[in-house]
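Participant: need coordinates for the following:
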Amino acid sequence: MSWIKVADTPVYCNGKKMAVETTQTANVPVALSGSDYRRAHDGCHTAALLWNQAVDWVRREWEFGRSPSKYDIQHFLTALPLEARPLHAHTTEIIAHDLHEAIRTSRALRRNGMLARSPWRKKNYRPLSFTADYGWRIKDAKLHLSLGRGRPGISLPVPKVIDSGTNQVVPPDLWGEIQLCWDQDARRFALHIPYETERPVSGGDNVTAIDEGIINPMTLATWVDDKTICVTIINGREGRAIKRQRNKAVGAIQRKLDRAKPGSKHHRRLVLAKKKVKARAQRQLRDFDHQMARMAANHVIANSTGRLVVGDVRKIAHKTKVHHRANRRQRQQLSQWSRGVQETYLQEKTGLKIEHLNEAGSSKTCPACLTRNRPSGRDYRCKNPQCGFVCHRDAVGGINILQKAIHGEYTPIDADIEIRVTYLRAVERWSLDQRKAHRKVQRRKARALSSAQNRASSEETSACKPMLANSFTGSDSSVPDPLVVVA
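Facilitator: Below you'll find the predicted structure:
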């Protein structure tokens, strides 16, 4: 089960922000029976057909110079015959409202100078939405999803929704509009259940700056006192390994798919194997992003942060191929960078709003003398002979962003400032060297234990031999010869 933040509203007490009321969405996989699966499958197809009809109608209205509102789109869909829309009336209305919201979003993006088209693509599948108390209800310990009056609905056990912040079960009274979605990679249905919750805000007056990267996802820098800067570098090699393993597996399967006959049994098996690999990697990356954000949140909370500032790298992958700013491998890493997801998780866990700041030259500028250097490797060494500043490259970027967030520009730090750098792994697992060392220790212990057992057994055998000999030597003729087998 995963969570997605939708919106947040601050909660104040005596003029001070104490918590944030936020809407979370729990992603709960469900297993449907055969009949319910077919109903859900047909309902998703029907929802897609209604969307396509609404898109065509809106575009015809635009050709005549009219601009329909969301209620006009709703009236068009609800006026269709019941045979053409075998869904709940509220589900049909939600389709109209979603289309109108998509049109508004595309217009807002175009006003901001971005290339965005109004909805035009035909859909084959669309999630089913069920409103509270009408589209879905709980009865007889079952969650019933209605497909309209006079039609059999979908029934399944009541899912357990656990809040990610408090680890408490969220009662159904706090649930909102539920969506039944199809996970294409995992090949299963899932319920997206929104609910209202509160997140405590990390109180304090300190500023924490974050330098984001691909190798180290987040480097956090905070002034602890007037003479100390605390820097936490979170390593992201676990996430890079997951992505690399996924890319290699998907590439190998794709090469086999290119040689397979489309529609054959072998082709279908390869398609399912490819989706299975992608679904597994998606679950692992979600876990990695959550653990990485939790370590970053621990730094924020421990240093009493009241303001989060992040270096703005949102357009770093824009037109890299056109302007020849990155090679093929770098473009792949940039396109698979889950920076936005990690920022969202960090905001959820801290309750703070992230501010973006221009970070141009932050990794090249010396924090002590402001000399521009081009670092090589992960260590930064100032080329100014009068300075000689040495520190981790990502820590330099975080310190410069911190200074710019406080003073408005890059400001040098004093020579007697102590920089405490803590290097953490996002996922606390053993490295390859640690695993090999552990195996060596275990083998050594196993050999020592085996030798001790052999010595003990040999000593026991040697101790027993004279006892056997003495027991069978004597004047008593009734004692049988130990070499004679008695049946």
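
Participant: from the chain's centroid, how far away is stretch 180-192?
Facilitator: Chain-centre distance of stretch 180-192: 16 Å, with C-alpha atoms, centre = their mean, to the nearest Å.

Participant: buried sites along that stretch?
Facilitator: For stretch 180-192, the neighbour count (16 or more other C-beta atoms under 10 Å) marks Leu180, Cys181, Trp182, Ala186, Phe189, Ala190, Leu191, His192 as buried. All C-beta spots, glycine's among them, are computed from the backbone N, C-alpha and C.

Participant: contact partners for the second one?
Facilitator: Think Cys181. By C-beta atoms under 8 Å, 6 or more residues apart in numbering, Cys181 lies in contact with Pro127, Phe189, Ala190, Leu191, His192.

Participant: so which helix or strand takes in the most centrally placed residue in the chain?
Facilitator: For the chain, the residue nearest the mean C-alpha position is Arg286 (2.6 Å; C-alpha atoms, centre = their mean). Using DSSP states H and E, Arg286 maps to helix 265-302.

Participant: how does the chain divide into domains?
Facilitator: 26-195, 206-237+278-425 (automatic domain parsing).

Participant: of those domains, flag the one that's most buried.
Facilitator: Greatest average neighbour count among the domains of the chain goes to domain 206-237+278-425 (a mean of 18), per mean count of other C-beta atoms under 10 Å.

Participant: report the rounded mean pLDDT for that domain.
Facilitator: Average pLDDT, domain 206-237+278-425: 91.

Participant: equivalent analysis for stretch 442-453, please.
Facilitator: What stretch 442-453 shows for mean pLDDT is 80.

Participant: begin at 50, not 1, for the rest of this chat.
Facilitator: Sure, I'll start counting at 50 from here, so that last one is stretch 491-502.

Participant: secondary structure element holding Cys436?
Facilitator: Counting by DSSP H and E, no helix or strand carries Cys436.

Participant: surely it touches Cys415?
Facilitator: Yes. Cys436 lies in contact with Cys415 (C-beta atoms under 8 Å); the separation is 6.1 Å.

Participant: what's near enough to touch the closest residue to Gln233 other than its chain neighbours?
Facilitator: Nearest non-adjacent residue to Gln233, counting by C-beta to C-beta, 6 or more residues apart in numbering: Lys324, 6.9 Å away. By C-beta under 8 Å, 6+ apart, the residues touching Lys324 are Gln233, Asp234, Ala235, Arg236.

Participant: quick check: the gap between the first one and Ala97.
Facilitator: Translated: Gln233. Applying C-beta to C-beta, to the nearest Å, the value for Gln233 to Ala97 is 14 Å.

Participant: which residues are in contact with each of those two?
Facilitator: By C-beta under 8 Å, 6+ apart, Gln233 and Ala97 have no common neighbours.

Participant: which parts of the stretch 100-249 of the chain are helices?
Facilitator: Remark: helices assigned in the stretch 100-249 of the chain by DSSP state H, counting those that start in this stretch are 119-127, 138-160.

Participant: same list (these) but as TSV, adding mean pLDDT.
Facilitator: Compiled in TSV, these are given as follows (pLDDT from 0 to 100):
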stretch	mean pLDDT
helix 119-127	95
helix 138-160	95
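
Participant: now these as CSV including distance to Lys188?
Facilitator: Below are those laid out as CSV (distance: least, C-beta to C-beta, whole Å):
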stretch, distance to Lys188
helix 119-127, 26
helix 138-160, 18
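
Participant: for Asn76, find the nearest of the ones you listed.
Facilitator: Proximity to Asn76 (C-beta to C-beta) singles out helix 138-160 among the helices of the stretch 100-249 of the chain, at 18.6 Å.

Participant: name the residues that touch that closest one?
Facilitator: 96, 99-100, 103-104, 107, 118-119, 122-123, 125-127, 134, 165-168, 175, 177-180, 183-184, 196-197, 226.

Participant: from those residues, which ones fall inside strands?
Facilitator: Using DSSP state E, Leu177, Ser178, Phe179 are the members of these that sit in strands.

Participant: give me phi/psi at Arg87?
Facilitator: Main-chain dihedrals, Arg87, degrees, to the nearest 10: phi -70, psi -40.

Participant: look up how far Cys93 lies from it.
Facilitator: For Arg87, the distance to Cys93 equals 11 Å [C-beta to C-beta].

Participant: go on, His456?
Facilitator: For His456, the distance to Cys93 - C-beta to C-beta - is 54 Å.

Participant: check Ala345 too.
Facilitator: 37 Å.

Participant: then Arg317?
Facilitator: Separation of Arg317 from Cys93 (C-beta to C-beta): 21 Å.

Participant: and if you look at Arg166?
Facilitator: For Arg166, the distance to Cys93 - C-beta to C-beta - is 24 Å.

Participant: for Arg421, same thing?
Facilitator: Distance from Arg421 to Cys93, by C-beta to C-beta: 56 Å.

Participant: again with Glu247
Facilitator: Distance from Glu247 to Cys93, by C-beta to C-beta: 34 Å.

Participant: ok, Leu229 touching Leu240?
Facilitator: Yes. Taking contacts as C-beta under 8 Å, Leu229 lies within contact range of Leu240: 6.1 Å.

Participant: closest one of the ones in strands among the contacts of helix 138-160 to Thr471?
Facilitator: Nearest to Thr471 among the ones in strands among the contacts of helix 138-160, with distances taken as C-beta to C-beta, is Ser178, at 45.4 Å.
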